[in-house]
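Undergrad: Got a predicted structure here, sequence first:
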Amino acid sequence: MKKLATALSIGAFSLVFSQGVNISKFHRAYIAQDENNVAFLVKAPEDDGPAKLQAKIQAIKAKEKVAPYSQVPLLPGTERPSFGQSKQDFINAVNAGIDRNAVSGSGTQYTHVSFLVTETGKISDVKASGNNESLNLATILAIYELKQGFIPAKYNGENMASVVHMNIPVAL
């Protein structure tokens, strides 16, 4: 019986890939494909809480081609990276992308985020900390899912990578 179940699982696995599915739920795992059609498995969470958000974030981070950043201070005269017209535009965009059904708690809560803005304005290596784990995870996911990138930092007219730190208030 165990061999039959394994054979059926392998057959279903092959069928999913032959259909060109980007992400599919597959018996306790997510099958994901990157832009080069390289497939990888991400273990599915047991519930719909923080573990599910963590699995999505791990799938995104697995595709990142950026090494985790080190804390390098901006030099005097460096133009900071920007998003839209102001810092509030970024906060509003993140708040709009947060899945509040996946977040526990009520009232206004805060999460501290840090991430790398590359020379091209792409956001990567997003981290969040705060008292509410589900809010931290939902915020990380919302930042990764932003369609608009940053205008990168500039030093002497040249784009440069930089780290952004920000507190984000979220009304639940």
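TA: That came through fine. Residues are numbered from 1 along each chain as shown.
Undergrad: How about residues contacting stretch 105-118?
TA: 66, 69, 81, 94, 123-132, 134-136, 139-140, 143, 149-150, 152-153, 161-172 (Cβ atoms under 8 Å, 6 or more residues apart in numbering). Glycine gets a C-beta too; all of them are placed from N, C-alpha and C.
Undergrad: Now do the same contact list for residue 134.
TA: 49, 50, 53, 102, 103, 104, 105.
Undergrad: any idea how far it lies from residue 172?
TA: Distance, residue 134 to residue 172, by Cβ to Cβ, to the nearest Å: 10 Å.
Undergrad: Equivalent analysis for residue 97, please.
TA: From residue 97 to residue 172 the distance is 15 Å (Cβ to Cβ).
Undergrad: Tell me where this structure has strands.
TA: Assigned by DSSP state E, the strands in the chain fall at 23-26, 29-33, 39-43, 108-117, 123-129, 153-155, 158-160, 162-171.
Undergrad: Least reliable of these by average pLDDT, please.
TA: Here the strands of the chain differ in mean pLDDT, and the lowest is strand 23-26 at a mean of 42.
Undergrad: how about the nearest residue to residue 84, chain neighbours excluded?
TA: Spatial nearest neighbour of residue 84, chain neighbours left out: residue 90 (6.6 Å); criterion: Cβ to Cβ, 6 or more residues apart in numbering.
Undergrad: thought the one you found was touching residue 149?
TA: No. Counting by Cβ atoms under 8 Å, residue 90 stays clear of residue 149, with 11.0 Å between them.
Undergrad: I'd like the strands of the chain laid out as CSV, including distance to residue 59 and mean neighbour count.
TA: Shown next, in CSV, are these (distance: least, Cβ to Cβ, whole Å; neighbours: other Cβ atoms under 10 Å):
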stretch, distance to residue 59, mean neighbour count
strand 23-26, 8, 13
strand 29-33, 5, 18
strand 39-43, 5, 14
strand 108-117, 17, 18
strand 123-129, 13, 18
strand 153-155, 28, 17
strand 158-160, 28, 15
strand 162-171, 22, 16
